[in-house]
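Colleague: with the sequence up front, the predicted model follows.
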Amino acid sequence: MDSEWYKEIVKDDSSLLQGDILCNLRIHDVREGLIKHGNVIVLSQSCDLNKMTENKSVLIATITELKNYLSIVYNKNNNSKKSVIKQFEKINKNQIINMFILDKCNQNVMNNDYILVLFNELFTIGIDDLKDQLSNNRKIKKARLTSPYREKLAHQFGNSFSRVALSNDLNPHSDYFESFKP
């Protein structure tokens, strides 16, 4: 399945597209006040990235291996495997709006595990800084999400912002059904 979801990015390829996975990227986390290295996926639209000039920012989201996240769930729920399965099913059915699962990637990134995109951990990075890191840092591992999975990622990301946080449960009053006549 991997060959359908991902494409290898050769070292000399300096292009940047939505859905590019970049591992070991230097990120400035202003919330924590530190610079760290992390695994991210590019969320900015490819058409915008192609037109970007200096002093523009690229939107990225943190990614993690699914097993890392599920290990936390397991430990928080008294080592319950049932809670892990339930959480996975919720994420996989898009019931947890700020997370999205991508298929396993063995393009030399993410240890051949499923990738969990965390839409609640967003960062921006200057296009100049990003391009500089990509051309000068040999430790950055790269893979590219292919179409239509790239579009699915964009759609899910859009849904995480455009949703209206209202209950989906309609609860008509009992008198509605008492007076109902077809």
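Modeller: Great, that's in hand.

Colleague: would you confirm that T64 contacts L118?
Modeller: Yes: using Cβ atoms under 8 Å, T64 is in contact with L118, at 6.7 Å. C-beta here means a position set from N, CA and C on the backbone, and glycine is covered the same way.

Colleague: settle it for me: which of the two has more neighbours?
Modeller: Neighbour totals were compared for T64 and L118, and T64 leads with 19 against 16 (other Cβ atoms under 10 Å).

Colleague: can you give the distance of the strand or helix carrying that one from its chain's centre?
Modeller: Per DSSP states H and E, T64 falls inside strand 57-65. Taking Cα atoms, centre = their mean, to the nearest Å, one finds strand 57-65 lying 6 Å from the centre of the chain it belongs to.

Colleague: for V117, give me its contacts.
Modeller: For V117, the contacting residues are 41, 61-63, 99-102, 153, 156-157, by Cβ atoms under 8 Å, 6 or more residues apart in numbering.

Colleague: which one of the residues you listed is nearest K76?
Modeller: M99 (15.5 Å; Cβ to Cβ).

Colleague: who's in contact with the closest one?
Modeller: 91, 116-120.

Colleague: check what pLDDT the spatially most central residue of the chain gets.
Modeller: Central residue of the chain (Cα atoms, centre = their mean): V117, 2.3 Å from the mean position. As predicted, V117 sits at a pLDDT of 96.

Colleague: any idea how far it is from D12?
Modeller: 27 Å (Cβ to Cβ, to the nearest Å).

Colleague: same thing with N68?
Modeller: For N68 relative to D12 (Cβ to Cβ), the value is 31 Å.

Colleague: neighbour-wise, which of the two wins?
Modeller: Using other Cβ under 10 Å as the criterion, N68 and D12 rank with N68 on top: 11 against 6.

Colleague: following element in sequence after the top strand by length along the chain, please.
Modeller: For the chain, the strand reaching the highest residue count under DSSP state E is reported as strand 115-126. Scanning forward in sequence from strand 115-126 by DSSP H and E, the next helix or strand is helix 127-136.

Colleague: next, the angle from that next one to strand 115-126.
Modeller: 120 degrees (axes from the mean of the first three to the mean of the last three Cα atoms, to 10 degrees).

Colleague: and the nearest residue to M110 once chain neighbours are set aside, how many neighbours?
Modeller: Nearest residue to M110, sequence neighbours excluded (Cβ to Cβ, 6 or more residues apart in numbering): E65, at 5.7 Å. Using other Cβ under 10 Å, E65 is surrounded by 18 other residues.
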